[in-house]
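> With the sequence up front, the predicted model follows.
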Amino acid sequence: MIKVLLVMFMSALASACTSAGTFVANSSARIFGDYALHDNLVYGAHDQRLDVYSPKPIPTAAPVVMFFYGGGWNTGNKEMFAFVGDALSARGYVVVIADYRKYPQVTFPAFVQDGAQAVAWTVKNISDYGGSTNNIHLMGHSAGAHLAALLVSDERYLQQAGISPQHIQSFAGLAGPYHFIPEKELYKKVFAPPSNYPNMHVDNFIDGNEPPMLLLAGGEDTTVYYHNIEM
């Protein structure tokens, strides 16, 4: 399951790796996509919103993929990734893409807490959209992969949201900076103070009880390097 998810995810991203590619992919998804879109659903306590893409016809207890997008913890929105919802729903998955608060509105770990609230909403509500509460998988890219990886490794986030970590069946991440020391001023502000840095390192929470995890990085990626994904 996890390998199939990541292969499909990488294929979708490869077709939209530029701004022009993203525009074309999303335009095609909106015009030709054969899915039921339930958009701007409210979750959490801060008017956060998420979109649900359900296959047509609406399934019963289909596997669920929650996708967390990247953007350096300070940019991005769920509408930019309609092509992900289109690609995965076409293969029978119910897809959840959630916006989360970003810097400068918030700093770490608020956006991870938002992710946990999105998972809690999904567990409680996804059956209304054709998804199974017992078959939920997390997927992320870049900063979104970091966010999702913390959800599956540091069980405190889901527990604080009132959800058992056992609800998550697998995690697939592409170019996730699971271990890095902030050097750019922006990231120093996002994760400040330095005493908080250990809490952002996913590898500090790996204990062998995580669901299956597939971590990939691009060999020519100059933003997230291979050593950033080693755990």
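All right, it came through fine.
> What distance do you get for Ser112 to Ala36?
Let me fix one detail, which is that residue 112 is Val and not Ser. Using CB to CB, to the nearest Å, Val112 is found at 29 Å from Ala36. From N, CA and C alone the C-beta is placed, and that goes for glycine too.
> for Val65, that is, sorry about that
Val65 is 15 Å from Ala36, by CB to CB.
> Also Pro109?
Distance, Pro109 to Ala36, using CB to CB: 33 Å.
> who has more neighbours, these two?
Taking neighbours as other CB atoms under 10 Å, Pro109 and Ala36 compare with Pro109 leading, 19 against 16.
> Tell me who's in contact with the closest residue to that one other than its chain neighbours.
Distance criterion CB to CB, 6 or more residues apart in numbering; nearest residue to Pro109, sequence neighbours excluded, is Asn199 at 6.7 Å. Neighbouring residues of Asn199 by CB atoms under 8 Å, 6 or more residues apart in numbering: 108-109, 154.
> Out of those residues, which comes closest to Lys189?
Phe108 (9.8 Å; CB to CB).
> Let's see the pLDDT reported for the closest one.
Phe108 is assigned 98 on the pLDDT scale.
> Just checking, which helix or strand of this structure averages the lowest pLDDT?
helix 19-32 (a mean of 48; mean pLDDT, DSSP states H and E).
> can you list the weak-confidence ranges in the protein?
1-33, 225-226, 231 (pLDDT under 70).
> mind checking the longest helix of it?
Across the chain, the longest stretch assigned as helix under DSSP state H is helix 110-125.
> And that one, what's buried?
Within helix 110-125, the residues that qualify as buried by neighbour count (16 or more other CB atoms under 10 Å) are 110-123, 125.
> do the same with stretch 127-142
Those buried within stretch 127-142 under the rule 16+ other CB under 10 Å are 127, 129-132, 135-142.
> Reformat the contacts of Asn199 into a markdown table and put distance to Asp47 next to each item.
Below are the contacts of Asn199 laid out as a markdown table (distance: CB to CB, whole Å):
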| residue | distance to Asp47 |
| --- | --- |
| Phe108 | 20 |
| Pro109 | 19 |
| Asp154 | 25 |
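> Considering those residues, which is situated nearest to Ile58?
Within these, the smallest distance to Ile58 is 33.8 Å, found for Asp154 (CB to CB).
> number of nearby residues for that closest one?
21.
> now swap in Lys188 and tell me
14.
> Give me the helices and strands touching the longest helix of the chain, please.
Judged by 3 or more CB pairs under 8 Å, 6 or more residues apart in numbering; DSSP states H and E, helix 110-125 is in contact with strand 35-43, strand 48-55, strand 62-68, strand 94-98, strand 131-141, helix 143-153, helix 156-160.
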